[in-house]
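**Q** Need coordinates for the below:
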Amino acid sequence: MEVKSLLASSCPSCPLLTLKLNRSVISSLHKDSESGIPERKQIIWQQKQQGSFSGFDGYVDYPSFSEKLSRKRIRQQPLSCKMTVDSSMPKRPTLSMLMLYYADNGLIPQAKAIWDQLINSSFVPSVQLISKLFEAYGKHGHFDELIKILQYMNSRNFTILPEVYSLAISSFGKGGQLKLMEDTLKEMIFRGFHVDSVTGNTFLKYYSIFGSLEEMEHAYGRLKRSRILIEKEAIRSMAFAYVKEKKFYELGEFLRDIGLGRKNVGNLLWNLLLLSYAANFKMKSLQREFLRMIEAGFRPDVTTFNIRALAFSRMSLFWDLHLSIEHMAHENVIPDLVTYGCIVDAYLDRRIGKNLDFVLNKMNLDDYPQVLTDPFVFEALGKGDFHLSSEAFLEYKTRMQWTYRDLMSKYLKKHYRRNQIFWNY
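**A** This next block holds a predicted model:
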């Protein structure tokens, strides 16, 4: 059969074939050793006397060879009780695993041959198998094979067809194939299948990653008309698309349209709204929305405080920065590397580094550095000089356990030397 020849040619180290080969060799050796031919007995007796035996690879030590042979017989006796040595095909689970192995390693013709053999034997694939197969084909860019599998599942009208459509939409979107993703969704709706929240949010997420802002907003409008709730991951993807294009006003309108009162996404919506004002340095609007956030019953986190601290630091609003640090302590929010960086950068930019102790004495400088701020903040506001310098020190592997005090000592020494001029005579 086709799969047999494929297994024999492309997988010489397959355990099943090796087992058959070993058994045939052992049986032949066993028969030869027990045969009654006088000449062979004479040759074996002479080799025993010499301490060696002529094998397949030249002369080997006879006692060790017989010992290995007896071990092989003992090792293979339990197997002979469970399976017979014949020309039967491997079972379907074995073929499925082998097909996934081929597909995951880019051996598409071999995987396709096994798939054809399986579907010709009335095989009903599971959702897990289709998911892994789609992922493997999508990883190597073979979306044509993915389409063929979807067409086969469609022709057989399996009960798992709605899940297969959802998996296909996710695979096409992950590969940036927006046209195929769109066509698959339309076909899914035409077939009368319901588009659930997971499929809808996946559709929107990949449009926000690979599509334009107009295409993303059009997809958002379609989901909104379908009364599908936009989940946290899709919100982050859309917000990142707006931030990347510096469309902060459109970001604010999008967040208000979703509804700032939603609590199932935490502080994400309010933090993004504050970021839209902080990125444009609209300080009055930033303060007003922060107060509205507290009045709405949301508790600010470290990302919330650091968005305001970055804006205060860039605008050199020292009093507001001090109040924000005190507010953090009142709310029992632990400052991170971004918070310390805002303070250090603000004072050094104004050349008043000698007054740093006024603020830093109220903070714990012996803590170990960590970054707890949401990464989308850096996409809009960037990272400060102290933050970048500290990350370089932390990435350098040493036995020393860095603290905020150590990082500041290194950074201040570098900063003060930066403005000095050395003359060589």
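
**Q** Identify the residues contacting stretch 353-360?
**A** Applying Cβ atoms under 8 Å, 6 or more residues apart in numbering, the set of residues contacting stretch 353-360 from outside is Leu321, His322, Ile325, Tyr340, Ile343, Val344, Tyr347, Met408, Leu412, His415, Tyr416. Placement of C-beta: from N, CA and C, glycine included.

**Q** Identify each buried residue in that stretch, please.
**A** Across stretch 353-360, burial judged by 16 or more other Cβ atoms under 10 Å covers Leu356, Val359, Leu360.

**Q** again, but for stretch 101-111
**A** Of the residues in stretch 101-111, those scored as buried under the neighbour-count criterion (16+ other Cβ under 10 Å) are Tyr102, Ala103, Asp104, Ile108, Gln110, Ala111.

**Q** In helices, which of those residues fall?
**A** Tyr102, Ala103, Asp104, Ile108, Gln110, Ala111 (DSSP state H).

**Q** pLDDT for these - can I get that in JSON lines?
**A** JSON lines is the format used below for these (pLDDT from 0 to 100):
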{"residue": "Tyr102", "pLDDT": "91"}
{"residue": "Ala103", "pLDDT": "91"}
{"residue": "Asp104", "pLDDT": "91"}
{"residue": "Ile108", "pLDDT": "90"}
{"residue": "Gln110", "pLDDT": "92"}
{"residue": "Ala111", "pLDDT": "91"}
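
**Q** Find the pair from those residues with maximum spatial separation.
**A** Spanning the widest gap among these are Asp104 and Gln110, at 11.5 Å by Cβ to Cβ.

**Q** what's the overlap in contacts for these two?
**A** When contacts are counted by Cβ under 8 Å, 6+ apart, Asp104 and Gln110 are jointly contacted by no residue.

**Q** Which parts of the chain are strands?
**A** Shown for the chain, the strands assigned by DSSP state E span residues 52-55, 58-61.

**Q** picking that back up, would you turn the buried residues of stretch 353-360 into JSON lines with pLDDT?
**A** Putting the buried residues of stretch 353-360 into JSON lines (pLDDT from 0 to 100) gives the following:
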{"residue": "Leu356", "pLDDT": "86"}
{"residue": "Val359", "pLDDT": "85"}
{"residue": "Leu360", "pLDDT": "87"}
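
**Q** domain assignment for this protein?
**A** The chain resolves into domains spanning 2-82, 300-425 when parsed by automatic domain parsing.

**Q** Lowest mean pLDDT across those, which one is that?
**A** Per-segment mean pLDDT for these reaches its minimum on domain 2-82, at a mean of 44.

**Q** wouldn't Tyr340 be in contact with Asn364 here?
**A** No. When contacts are counted by Cβ atoms under 8 Å, Tyr340 is not listed as touching Asn364 (10.3 Å).

**Q** Any chance you could list residues touching both of these two?
**A** Tyr404.

**Q** Which one's more surrounded, the two?
**A** Higher neighbour count among Tyr340 and Asn364: Tyr340, with 24 against 11, using other Cβ atoms under 10 Å.

**Q** And that one, how close does it get to Gly384?
**A** When distance is defined by Cβ to Cβ, to the nearest Å, Tyr340 is 10 Å away from Gly384.

**Q** do Arg299 as well
**A** 25 Å.

**Q** could I get the contacts of stretch 353-360 as TSV with distance to Asp144?
**A** Written out in TSV, the entries for the contacts of stretch 353-360 read as follows (distance: Cβ to Cβ, whole Å):
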residue	distance to Asp144
Leu321	57
His322	62
Ile325	58
Tyr340	53
Ile343	56
Val344	55
Tyr347	60
Met408	57
Leu412	60
His415	58
Tyr416	63
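
**Q** give me the low-pLDDT residue ranges for the stretch 51-200 of the chain?
**A** 51-90 (pLDDT under 70).

**Q** Now do the same contact list for the residue nearest the centre of the chain.
**A** The residue lying closest to the centre of the chain (Cα atoms, centre = their mean) is Lys174, at 11.7 Å. Neighbouring residues of Lys174 by Cβ under 8 Å, 6+ apart: Gly138, Tyr206.

**Q** residues in contact with Leu146?
**A** Contacts of Leu146 were listed using Cβ under 8 Å, 6+ apart, and they are Phe134, Tyr137, Gly138, Ala168, Ser171, Phe172.

**Q** do you know how far it is from Leu348?
**A** According to Cβ to Cβ, Leu146 and Leu348 sit 55 Å apart.

**Q** go on, Gly138?
**A** Taking Cβ to Cβ as the measure, Gly138 falls 49 Å from Leu348.

**Q** ok, now Phe248?
**A** In this structure, Phe248 and Leu348 are 28 Å apart, going by Cβ to Cβ.

**Q** Ala241 now?
**A** For Ala241, the distance to Leu348 equals 34 Å [Cβ to Cβ].

**Q** likewise Gly175?
**A** Distance, Gly175 to Leu348, by Cβ to Cβ: 47 Å.

**Q** Likewise for His327?
**A** If you measure His327 against Leu348 using Cβ to Cβ, the figure is 23 Å.
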